[in-house]
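Student: A structural model of the following input is requested.
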Amino acid sequence: MIETLGRLRDLDRRWIFLAVALLVVVPLMTGFHLAPVKPSMRARGFYDAIEKLPEGSTVLLAGDYDPGTIAENYPMHLTAARHLLSRNMKIIAVELYPGGPPLADRALHLAASEYGKREGEHYVNLGFKSGNEVVMSQMGSSITRTFPTDRRGVPVSQLPVMRGVENFQQIALLVSVSAGYPGTKEWVQQVVSRYHVPMVAGVTAVSAPEYYPYLHSGQLMGLLGGMAGAAEYEMLVKKPGIATRAMDAQSLAHVFIAIMILLGNLAALPQRAPGKK
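Tutor: Here you go, the predicted structure:
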């Protein structure tokens, strides 16, 4: 045992780096699952809010994030789009981050291709508009005047998905995928509080505790926190994807690093000299 620990002190660190790389890459590439993900009540509330909507309802999907938080926000954004379109909901997407529209397009187009949905008929991306809370307030008066065209430049009056939609009175649910400001907090303050639109949210892990009071007060019906929340949602939708694989990779790497720290500390213990009590 002592000799084995002694050899660990001389182990080339590149072998450790290689092991960590394999533990991360293999689950991401193969979809290997370490253990089943158990959804939390917060994630279940998010899922149930969509499940309870009548088919054909119109949902506002706000993608307020950019590539800086794509690892956490995009998986929940994609899964929400899949969930909504699988239940034949109509999606009106908006983004209050300049970098948000391409990410929303990517999620919507991928989900639509899986369920045979068409842009303009089953979903629309109205794109980015600056103004933060002002935009939210304007949408309360008229969504079509706030966004007269979609992201492609097509007048919203020509889109079947926008037929009969004027303001928040026609929105059955607000789904916010947010990285910060403007985002979930502002949607709650400007839309939920004023227009009483039901709302769920997906946020970054570091900011999730900030929104627990909204969840407990009923202003949010469900909440996804970071990659773990996205993985829980993927399991509920029965579409394990990016977040589930990333959680497996992260868990394996963390377990391996913890074991190596333990062995490293054991190997560093002073060895008793022969014959010394």
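Student: contacts, neighbours, all on C-alpha from now
Tutor: OK.
Student: so who does residue 176 touch?
Tutor: Shown in contact with residue 176 (Cα atoms under 8 Å, 6 or more residues apart in numbering): 61-64, 183-184, 187, 199-202.
Student: if you set the cut-off to 6 Å instead, what comes out?
Tutor: 62, 184, 201 (Cα atoms under 6 Å, 6 or more residues apart in numbering).
Student: now it. Its backbone dihedrals?
Tutor: Residue 176 adopts backbone torsions of phi -110, psi 120, taken as degrees, to the nearest 10.
Student: do you know the pLDDT at it?
Tutor: Per-residue confidence at residue 176 stands at 98 (pLDDT).
Student: swap in residue 29?
Tutor: On the pLDDT scale, residue 29 gets 71.
Student: does it belong to a helix or a strand, and which?
Tutor: For residue 29, the element it lies in under DSSP states H and E is helix 13-30.
Student: tell me which helix or strand comes right after that helix.
Tutor: Following helix 13-30 in sequence, per DSSP H and E, is helix 41-51.
Student: longest helix in this protein, please.
Tutor: helix 242-267 (DSSP state H).
Student: show me which residues of that one are buried.
Tutor: 242-253, 267 (16 or more other Cα atoms under 10 Å).
Student: follow-up on the earlier one: next, the angle from the helix holding residue 29 to helix 242-267.
Tutor: 160 degrees (axes from the mean of the first three to the mean of the last three Cα atoms, to 10 degrees).
Student: buried residues, helix 13-30. List them.
Tutor: Under 16+ other Cα under 10 Å, the buried positions of helix 13-30 are 20, 23-24, 27-28.
Student: just checking, what packs against that helix?
Tutor: helix 242-267 (3 or more Cα pairs under 6 Å, 6 or more residues apart in numbering; DSSP states H and E).
Student: the helix it packs on - what's its average pLDDT?
Tutor: On average, helix 242-267 scores 75.
Student: show me what that helix is packed up against.
Tutor: Checked by 3+ Cα pairs under 6 Å, 6+ apart, helix 242-267 has helix 13-30, helix 226-237 packed alongside it.
Student: check which residues of the host helix or strand of residue 110 are buried.
Tutor: Using DSSP H and E, residue 110 sits within helix 100-115. Neighbour-count burial for helix 100-115, counted by 16+ other Cα under 10 Å, picks out 100-105, 107-109, 111-112.
Student: CSV for those, including distance to residue 78 and pLDDT?
Tutor: Below are those laid out as CSV (distance: Cα to Cα, whole Å; pLDDT from 0 to 100):
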residue, distance to residue 78, pLDDT
100, 13, 96
101, 13, 97
102, 13, 97
103, 9, 97
104, 8, 97
105, 10, 97
107, 5, 97
108, 7, 98
109, 10, 97
111, 7, 97
112, 10, 97
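Student: least trustworthy helix or strand in the chain by mean pLDDT?
Tutor: One helix or strand of the chain scores below all others by mean pLDDT, DSSP states H and E: helix 2-9, with a mean of 65.
Student: shaky segments in the stretch 1-150 of the chain?
Tutor: Filtered on pLDDT under 70, the stretch 1-150 of the chain yields the residue ranges 1-6, 28, 31-35.
Student: ok, and what's touching stretch 88-102?
Tutor: So stretch 88-102 is contacted by 55-66, 122-129 (Cα under 6 Å, 6+ apart).
Student: now stretch 98-108, how far from the chain's geometric center?
Tutor: In terms of Cα atoms, centre = their mean, to the nearest Å, the centre of stretch 98-108 is found 13 Å from the chain centre.
Student: cool, stretch 219-230 as well?
Tutor: Using Cα atoms, centre = their mean, the offset of stretch 219-230 from its chain centre is 8 Å.
Student: likewise stretch 89-103?
Tutor: The mean C-alpha position of stretch 89-103 is separated from the chain mean by 14 Å, Cα atoms, centre = their mean.
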